[in-house]
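# Take a look and give me a structure for this.
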Amino acid sequence: MNIPNLDELISMALLEDVGDGDHSTLACIPPTATAKAKMMAKEDGILCGMEVGERVFEFVNNDFYHSQLAMKVTPLKHDGEPVKKGDILMLVEGASGVILTAERTALNFMQRMSGIATQTHKMVQMLDGLHTQLLDTRKTTPNMRLLEKYAVKCGGGTNHRIGLYDMIMLKDNHIDFAGGIEAAIDRTHNYLKEKGKDLKIEIEVRNLEELERVMQHGGVDRIMLDNFDPATLSKAVERIGGIYETEASGGITEATLRSYAETGVDFISVGALTHHIKSMDISLIKG
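Just a heads-up that it's a prediction; the model follows:
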């Protein structure tokens, strides 16, 4: 896992939670007290966020409280690994106060990331035997995008573009504001040439008429077929005929995922992978 701003994210999360001090812990736990704890899965799922959880405990101990006591974190499971209810994920040993202060932040990261990985895995399994890949989107929690997209990968999904900077995505508003499909594509090529950038171009179409305009004009790498029903999507994929990559998007759920994939579309993007997720239940207990 490579998250360049991980410590900054952890620091902001702790400042939000701790403020000027964890007074509940400070009031009743001596600073020299030590303890052992274990993190346990309370439901089945795909684990994600172990490195983040471990770093939270280390960060609180070394950078937040500047504790003189050593913090030992022993991971027993790994990201992307299926876990069962009752499995012990991690052992923690060190200052009691540090463990208590770090507990909620570590769990918040891990529970959400594991929830995303679990749901992604579930939907990827529904595509078994088909070539279609499951994509995430930019519908992520602000400042948590890299962690949430990492969780998608741990669940077996594929990352779409990370942000606005690493791929051209000409959506309906870009096309409308630019004056049409052809103008949007031509201006994009001029811009990329002027800036010396080599970025893939994806364009969104809303119906078969717009698709035909793209097919006649060319100049793209992938076509997003937005809010097509499976029957119309099948016609669109056939028309494209492998000339461009194809992506289906818009309101696709667990109930309809397989039927969309059976059209032969290359990618299906599902924003709900990161913005409509039930966190996985994980707890920290003494012992």
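
# just so I have it, where are all the helices in this structure?
In the chain, the helices defined using DSSP state H lie at 6-18, 23-28, 50-59, 96-125, 145-154, 172-178, 181-195, 208-217, 230-240, 254-261, 272-275.

# Low-confidence stretches in this protein?
Along the chain, no part satisfies pLDDT under 70.

# domains of it?
6-123+278-286, 128-275 (automatic domain parsing).

# Save these as TSV, and put in mean neighbour count too.
In short, each C-beta sits where N, CA and C put it, glycine included. Compiled in TSV, these are given as follows (neighbours: other C-beta atoms under 10 Å):
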stretch	mean neighbour count
domain 6-123+278-286	19
domain 128-275	17
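
# possible to save the helices of the chain as JSON lines with distance to residue 82?
What follows is the helices of the chain, written out as JSON lines (distance: least, C-beta to C-beta, whole Å):
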{"stretch": "helix 6-18", "distance to residue 82": "25"}
{"stretch": "helix 23-28", "distance to residue 82": "34"}
{"stretch": "helix 50-59", "distance to residue 82": "14"}
{"stretch": "helix 96-125", "distance to residue 82": "8"}
{"stretch": "helix 145-154", "distance to residue 82": "11"}
{"stretch": "helix 172-178", "distance to residue 82": "39"}
{"stretch": "helix 181-195", "distance to residue 82": "43"}
{"stretch": "helix 208-217", "distance to residue 82": "40"}
{"stretch": "helix 230-240", "distance to residue 82": "31"}
{"stretch": "helix 254-261", "distance to residue 82": "19"}
{"stretch": "helix 272-275", "distance to residue 82": "18"}
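
# So for residue 42, which of those helices sits nearest?
helix 96-125 (9.8 Å; C-beta to C-beta).

# Let me know the angle separating the closest one from helix 50-59.
For helix 96-125 against helix 50-59, the angle by axes from the mean of the first three to the mean of the last three C-alpha atoms, to 10 degrees is 170 degrees.

# So what's the gap between helix 96-125 and the chain middle?
Relative to the centre of its chain, helix 96-125 is centred 13 Å away, using C-alpha atoms, centre = their mean, to the nearest Å.

# next one: stretch 219-236
The answer for stretch 219-236 is 24 Å, by C-alpha atoms, centre = their mean.

# now stretch 3-16
With C-alpha atoms, centre = their mean, you get 17 Å for stretch 3-16.

# Hmm, residue 148 is touching residue 140, no?
Yes: counting by C-beta atoms under 8 Å, residue 148 touches residue 140, with 4.8 Å between them.

# Need the overlap of contacts for those two.
residue 274 (C-beta atoms under 8 Å, 6 or more residues apart in numbering).
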